[in-house]
Every structure is written in structure tokens, then in C-alpha cells.
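S.K.: let's see this in three dimensions:
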Amino acid sequence: MVTIKDIAQVVGVSPTTVSNVINGKAGRVSADTVARINTAIEELGYVPNMSARSLVSRSSKVIGFVNHVVTDKGSNFMEDPFLSKFIGILEHVLRENGYYLMLRTVETAEQLQAFLHTWDIDGLFLAGIFKDEFFDEISTLKIPIVLVDSYVHHKGICNVGLDDFGGSNSSTKYLIQNGHKKIAFASLHIKDGGVLMERFLGYKAALTEAGIPFDESLVFECGMDLKGTRAIAKTLASHPEITGVVTTADTLAGSIIANLHKLKIKIPEQVSVVGFDDLSICDIIEPPLTSIHQDMDLKGRIAVDFMLQLFEHKKPKQYEVLLHTSITERNSVRTIS
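M.R.: Here you go, the predicted model:
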């Protein structure tokens, strides 16, 4: 088994220097030395002994990411491109600071307690949280907690999220400004007190502000895959007066567009579509998808910063951060004169 001493001997530095780099405390170590140590770690296949480190530091250096969204049978939350990208950013920033990330989906408070009893976790990031019995259990935990994209407000619990209302409001107004009056709204299941409800309310508010009557028949809750969006595509194809669609996710928008292509409906000539999140898939959807942009890198860094402050028993200047959105224009929206 490769040890810190082995790495130190290969690089020509002290074991203490290697240990500092591994533990994210390389403040006085040159960039060149850090690079050589990391190269040696990779080439020698060094794996840290987490149990030993935990005993010495009283810290496992492991932070859990718990997803509370119940997925369909046979699927998992990592299939969501947004969550996959965000978790990748979170893991990268944690690694820069000497921490590891563990992923878990839990549906009940009992499963959460079992997870925490099984694993020595220093802190928790939680996504998909609502004001319910599950949150009541969370609020009693004695470890640092940071909520992500949750509209739950609780004294002492940090929360980093997005102006979901404003983002959806902007995408709807963008279609209105381009001459669209009959605009549909497509989303996964909308639950009170969550991200999707905020996006729905933003859509409704934009219509009201423009003097366009809200039509409940234009609201579609569906799955994100091709099967799930088949019905909305058929509705759009049979109702040419509906010229625009606001969606709550880029993947959902892409699925709708794929089904519209099958029905020989042209985008954006017949139907304009706006996504949400501005993921890389927007550039490979045909036509490239106009989408609401959010800074996921900044969101991840703020979440980690919250966690590190809690570890150091520092009181954050603010416990809640709501990031702004912008619109990235591509080719999926036409102007109606």
C-alpha cells in the first residue's frame, strides 16, 4: 500500500508537505510542488486512509449530498443533467478544500437517520426540500446543513438558490416581446412551495402584466423523456394558435422539440421554445435552444463557502442567497410581426 512517505520520497519533499497538500492546506507550498505531489499521487495510486484521518482530526472530511426528490422506478437523480453538472461543480470545489462528497437519495426521515448512523458525515447539502415532516427532522440535526434550491426558511440554516420566479417571468416576457400571445407552460409535477411552483408563478405574472388572460389548459405537467412529452407535442401540433412554450428545464424543452420534429412541426417557424438552466445541451438541440441562464459554478462555490463557515463556527453575514438569472438567446424563438 502506497503511503505519504512513499510520495514524499518520490517528490523529494517532507511527509508533512505531502500531508498538507492532501488535506487542502498547501498555502505555503509552491504551485510546482503541489503539481508534482498530485502527479505522484495519481501515478502511484495513493488512496487516503479515511478511518485513520477521522480518528486523528475528529473529522471524516466527508460531506453528504442528499436528494429528497423521489425518482421514478428504475431511474436515479444523476440522470438529471442539471443535477449532474451541479454535483460535479460541488465535488470539484470541495476537493479543492480537502473534502469528499457522498451522494444519497433518501425518501423518509428514517432513511436519513439510517444514513447518518451508518456513515460519519461532517455536514449535509440537501436538495428537493419542502416544508414538511422531513424538514422538521432535518431542523433537529446537530451537523452543519446547507439547503440548495429550497424555498424553506429556517433560522440558522443556510440556503443558496435561484430567482426562479424572475427567470420564468423573463422567459415568458421574452416570448411576449417577440409577438407571442398564446404561450404554453411545460413542467414536471408542480408542488407547492418548490422551485417549479415559483417558475409557474413567474409565467402567470408575466401574462397578467401583459394583459394576456391565463388559460389553465395551456399548462402541461409531464415527464421529461420522449414518452412524457408526446401529449404536449400533439397538442401544439393540433393548435397552431399556440406559438410559444415556456419550459422549466432544458432537457424538457429538448424532449418537446424532438417530438415536434417527429410531427413535422418546424421550430421556431411554427412553435418557439425557451428552456431553463442554459446547459451545454442547448447548443446541440436543433435548433439551438434559447434558455434562462444560471451561474451554477457560483452557486456551488457559495454552497461550499456556507459549509466551511459553519465548520469554523462562523456566523454567515447572510443565511440565504438568491442568485439572479439572464437569458441566453439562440435560435429557438421567432419574432411575430
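S.K.: domain-wise, how is this protein divided?
M.R.: Residue ranges for each domain of the chain read 4-48, 62-163+296-325, 164-294, as given by automatic domain parsing.
S.K.: most tightly packed of those domains?
M.R.: The highest average neighbour count among the domains of the chain, using mean count of other CB atoms under 10 Å, belongs to domain 164-294 at a mean of 19. C-beta: built from backbone N, CA, C; applies to glycine.
S.K.: what about it, start to end distance?
M.R.: One end of domain 164-294 sits 10 Å from the other (CA to CA, to the nearest Å).
S.K.: which residues touch the closest residue in space to Pro288 that isn't next to it in sequence?
M.R.: Using CB to CB, 6 or more residues apart in numbering and skipping residues adjacent in sequence, the residue nearest Pro288 is Arg330, 3.8 Å away. Contacts of Arg330 were listed using CB atoms under 8 Å, 6 or more residues apart in numbering, and they are Cys282, Asp283, Pro287, Pro288, Leu289, Thr290, Ser291.
S.K.: and stretch 292-306, how far from the chain's centre?
M.R.: 9 Å (CA atoms, centre = their mean, to the nearest Å).
S.K.: got the contact list for it?
M.R.: Residues from elsewhere that reach stretch 292-306 (CB under 8 Å, 6+ apart): 82, 85-86, 89-90, 92-94, 97, 125, 146, 148, 158, 160-162, 167-168, 170-171, 274-278, 316, 321, 323, 325-328.
S.K.: filter those down to just the ones in strands.
M.R.: Counted as lying in strands by DSSP state E, out of those, are 125, 146, 148, 158, 160-162, 274-277, 321, 323, 326-328.
S.K.: just flag the most distant two among those residues.
M.R.: Between all members of those, the longest pairwise span (CB to CB) is found for Cys158 and Val274 and amounts to 30.9 Å.
S.K.: before we move on, the earlier item: report the two of the contacts of Arg330 separated the most.
M.R.: Spanning the widest gap among the contacts of Arg330 are Pro287 and Ser291, at 12.2 Å by CB to CB.
S.K.: for the helix or strand containing Ala205, the averaged confidence score.
M.R.: Using DSSP states H and E, the secondary-structure element containing Ala205 is helix 195-209. Helix 195-209 shows a mean pLDDT of 97 in the predicted model.
S.K.: kindly report the same for stretch 109-127.
M.R.: In this model, stretch 109-127 carries a mean pLDDT of 87.
S.K.: got the contact list for it?
M.R.: 54, 59-69, 83, 90, 99, 102, 104, 106, 133-134, 136-138, 141, 143-150, 303, 307, 310-311.
S.K.: where exactly do the helices run in the stretch 151-300 of the chain?
M.R.: Counting by DSSP state H, counting those that start in this stretch, one finds helices in the stretch 151-300 of the chain at the ranges 164-177, 195-209, 230-238, 250-262, 296-311.
S.K.: and Asn38, which of the ones you listed is closest to it?
M.R.: So among these, helix 296-311 is nearest, using CB to CB, at 19.8 Å.
S.K.: chain center to that closest one: distance?
M.R.: Centroid displacement of helix 296-311 relative to its chain, using CA atoms, centre = their mean, is 13 Å.
S.K.: could you do stretch 186-206 as well?
M.R.: Centroid displacement of stretch 186-206 relative to its chain, using CA atoms, centre = their mean, is 17 Å.
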